[in-house]
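Asker: sequence plus the predicted model coming up.
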Amino acid sequence: PAGAALFFVLIYGSRVWPGIFLGALITSILNYPHILANPLEILNYPQLISVSAGATIQALFAGYLVNKNKCFDPDFSDPEIIGRFYFLAGPVACLTNATIAFLSFIIVGVSSFNSLFEEWLLWWLADSTSTILFFTIFYVFFRFDRKRKTQVAIFLGTGLIVTFGMFFVGRQWEQERMTLLFTQEVISARDTLEQIEGTYRALINNLIGFKSFREDLKKEDFEAFASNNLSFNNTVRSIAWIEKVPNQTKQNFESELRNEYGEDYKIWFYDENRNRIDTEIRDTYLPVKYIEPQSQSLAAIGYDVMSDADRSQILQQAFDIKSPLMTSPVILALQPGEPQAVTIYVPVHRDDEVEGAFAILVKIDSLIGEMINDTAANDLEVSLRDKEAVGSPIFNSERIMDGYIDRAPIVLEVTMFNRTWELMFRRTMNFINKNRTSQPLFIGMAGMVFAALVAIGIVILSGQRLFLEKLVKSRTVDLQKANLTK
């Protein structure tokens, strides 16, 4: 601390400056642990050297001011000298390091000019009060007699307790404020997710209405309608029409596919090795007949949804209850690997018989990105998992690798159609930096100022006995001299 540096300068002289510089540099480096592993890294942080040089210059300048103005009283008993000492060693001398530090911060781009005054003021206040406090602590401990040391320690300890209490209160207020802002952003993200679900339901209603007016669905009509609706749904990757095909009409259906798309199209599925093969013979098939955007998903034409256990189960449930249902995360038919999407199946019946279903494919990473887009993507990280799917993977938003780990994430459960999703929201360092204020620091500084004033006051009061003794002794000497001249 600056107070310790001043103590050593006044007691041992300016020759201690290398120790002050090294001490300040080591203290600064402790905030950058990677420099300890590779000392050459300090060359990337020239502001650390300038701050350490500023602390050294400040201590020497304070010693110079005190000695030049003859306001260092070893007994610390004269109130006037004590006041001038603390004024010069604290507020005046501490202008030095605050100014040097922040000029260097601006030069290296660590601090902006707009934020300079507030940061400079905090630095100056912290240096001024800590100089007064820690110099007093060091001087009292090493130089005062036991009785006076005890008196000062009691009052100074009380002042420091008040200071730490104010720091704690300010920190609690700031944490509560940050938590409130975090909660507001999480609520905003949740509301966005609810709005997205609303757009899915609106899309479902559009699809049902569209199909009710076109009993015999044509490829051109489907493509135009689906393309128009996709433009309003950023998280939907594709919309498909899945048609129920009895075994006896399989050949006619495959003939329609070939007429629409070419000779290679038929009803198919993947085997366990991801080989595309013709589907096995069974009573009913549920292949993809139309899909949009066709340019990205044409290879899915003819894919039999019944060949996938997860899709088949949800689709059959949707047919039974005649209501849209969503799958757990599924592997994309055209992109093998880990599950990447969910599918909303919209059953369609004609005369109470299953005709087919619309399939709305939603990419989970797009859904997460859209959910936090309005709140600022760099402020939050989100993890999503389907609670009802055994072994379901956890999907994460784009990771912000800034080294900050949020120890108090917010976890929500939300319902999306028939699924229950668990969402975990975490703050990033960008969120912390954007929303933090100097309020707790200024509250703490108020406590430091109070403690510094207590230190000055108790030093003056505890020195009154010595001051009076010196005054009486001085007056006695003056009287003796006066008597000798008579």
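Answerer: Thanks, I have it.

Asker: could you use CA atoms for every contact and neighbour count after this?
Answerer: Noted.

Asker: residue ranges with poor pLDDT in this protein?
Answerer: Scanning the chain for pLDDT under 70 picks out the ranges 1, 109-115, 333-334, 336-337, 374-377, 399-403, 467-472, 478, 486.

Asker: quick test: name the residue nearest the centre of the chain.
Answerer: What sits nearest the mean C-alpha location of the chain, by CA atoms, centre = their mean, is Thr428, with 1.7 Å.

Asker: my guess is that one contacts Asp406. True?
Answerer: Yes - counting by CA atoms under 8 Å, Asp406 is a contact partner of Thr428 at 7.2 Å.

Asker: from Asp379, how far off is the residue nearest to the centre of the chain?
Answerer: 5 Å (CA to CA, to the nearest Å).

Asker: for Gln195, same thing?
Answerer: Using CA to CA, Gln195 is found at 20 Å from Asp379.

Asker: between the two, tell me which one has more neighbours.
Answerer: Asp379 (20 against 13; other CA atoms under 10 Å).

Asker: so the more buried one touches Phe425, yeah?
Answerer: No - here Asp379 does not reach Phe425: they are 10.1 Å apart, not a contact under CA under 8 Å.

Asker: how close does Met429 sit to Lys149?
Answerer: Relative to Lys149, and taking CA to CA, Met429 is found at 45 Å.

Asker: do the same with Phe358
Answerer: From Phe358 to Lys149 the distance is 85 Å (CA to CA).

Asker: same deal with Leu380?
Answerer: From Leu380 to Lys149 the distance is 52 Å (CA to CA).

Asker: ok, these two, which is more surrounded?
Answerer: Shown here are Leu380 and Lys149; by other CA under 10 Å, Leu380 has more neighbours (25 against 18).

Asker: for the closest residue to the more buried one other than its chain neighbours, the count of nearby residues, please.
Answerer: Computed as CA to CA, 6 or more residues apart in numbering, the closest residue to Leu380 that is not its neighbour in sequence is Arg427, at 4.9 Å. Per other CA under 10 Å, the neighbour tally for Arg427 reads 24.

Asker: which stretches of the stretch 351-486 of the chain form helices?
Answerer: For the stretch 351-486 of the chain, the helices defined by DSSP state H, counting those that start in this stretch occupy 364-371, 429-435, 439-462, 464-485.

Asker: what do you get for the stretch 51-200 of the chain?
Answerer: Applying DSSP H, counting those that start in this stretch to the stretch 51-200 of the chain gives helices spanning 79-87, 95-108, 116-143, 146-212.

Asker: for the last one, which helices and strands make contact with it?
Answerer: I take that to be helix 146-212. Applying 3 or more CA pairs under 8 Å, 6 or more residues apart in numbering; DSSP states H and E, we find helix 146-212 packed against helix 116-143, helix 364-371, strand 410-416, helix 439-462.

Asker: can you redo these as TSV with mean neighbour count and distance to Ile82?
Answerer: Formatted as TSV, these follow (neighbours: other CA atoms under 10 Å; distance: least, CA to CA, whole Å):
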stretch	mean neighbour count	distance to Ile82
helix 116-143	20	11
helix 364-371	19	62
strand 410-416	15	53
helix 439-462	20	7
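
Asker: sorry, back to before: hang on, the residue nearest to Leu380 packs against Arg407?
Answerer: No - using CA under 8 Å, Arg427 makes no contact with Arg407, being 9.2 Å away.

Asker: ok, Glu413 to Gly198 distance?
Answerer: Glu413 sits 17 Å away from Gly198, going by CA to CA.

Asker: neighbours of Asn259, how many?
Answerer: Using other CA under 10 Å, Asn259 has 11 other residues around it.

Asker: separation between it and Trp268?
Answerer: To Trp268, Asn259 is 17 Å away according to CA to CA.

Asker: what's the answer for Ser383, then?
Answerer: 35 Å.

Asker: try Tyr285
Answerer: 10 Å.

Asker: neighbour-wise, which of the two wins?
Answerer: More neighbours surround Tyr285 than the other of Tyr285 and Trp268, with 25 against 21 (other CA under 10 Å).

Asker: the more buried one contacts Asp304, doesn't it?
Answerer: Yes - the pair Tyr285 / Asp304 is scored as a contact, 6.4 Å apart, by CA under 8 Å.

Asker: identify the contacts common to those two.
Answerer: With contacts taken as CA atoms under 8 Å, 6 or more residues apart in numbering, Tyr285 and Asp304 have no neighbour in common.

Asker: let me have the helices of the stretch 351-486 of the chain in CSV, extended by distance to Ile239.
Answerer: Output for these, formatted as CSV (distance: least, CA to CA, whole Å):
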stretch, distance to Ile239
helix 364-371, 15
helix 429-435, 36
helix 439-462, 52
helix 464-485, 89
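
Asker: ok, which of the ones you listed comes nearest Glu41?
Answerer: Nearest of these to Glu41, taken as CA to CA: helix 429-435 at 22.6 Å.

Asker: the closest one: which residues count as buried?
Answerer: Neighbour counts over helix 429-435 (16 or more other CA atoms under 10 Å) mark 429-431 as buried.

Asker: next one: stretch 65-74
Answerer: For stretch 65-74, the neighbour count (16+ other CA under 10 Å) marks 65-66, 71-72 as buried.

Asker: pick the one among those closest to Val245.
Answerer: Distance to Val245 across those (CA to CA) is lowest for Leu65, with 96.8 Å.

Asker: what's near enough to touch the closest one?
Answerer: Taking CA under 8 Å, 6+ apart as the test, what Leu65 contacts is 88-89, 93.

Asker: could you dump those into a markdown table and include neighbour count and distance to Glu388?
Answerer: A markdown table is the format used below for the contacts of Leu65 (neighbours: other CA atoms under 10 Å; distance: CA to CA, whole Å):
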| residue | neighbour count | distance to Glu388 |
| --- | --- | --- |
| Leu88 | 20 | 69 |
| Ala89 | 27 | 67 |
| Ala93 | 26 | 66 |
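
Asker: for Leu116, which non-adjacent residue is closest in space?
Answerer: By the measure of CA to CA, 6+ apart, the closest residue to Leu116 outside its immediate chain neighbours is Phe102, 7.0 Å from it.

Asker: repeat for Asn247
Answerer: Asp283 (5.1 Å).

Asker: pretty sure Ile208 contacts Val348?
Answerer: Yes - between Ile208 and Val348 there is a contact under CA under 8 Å: 7.4 Å.
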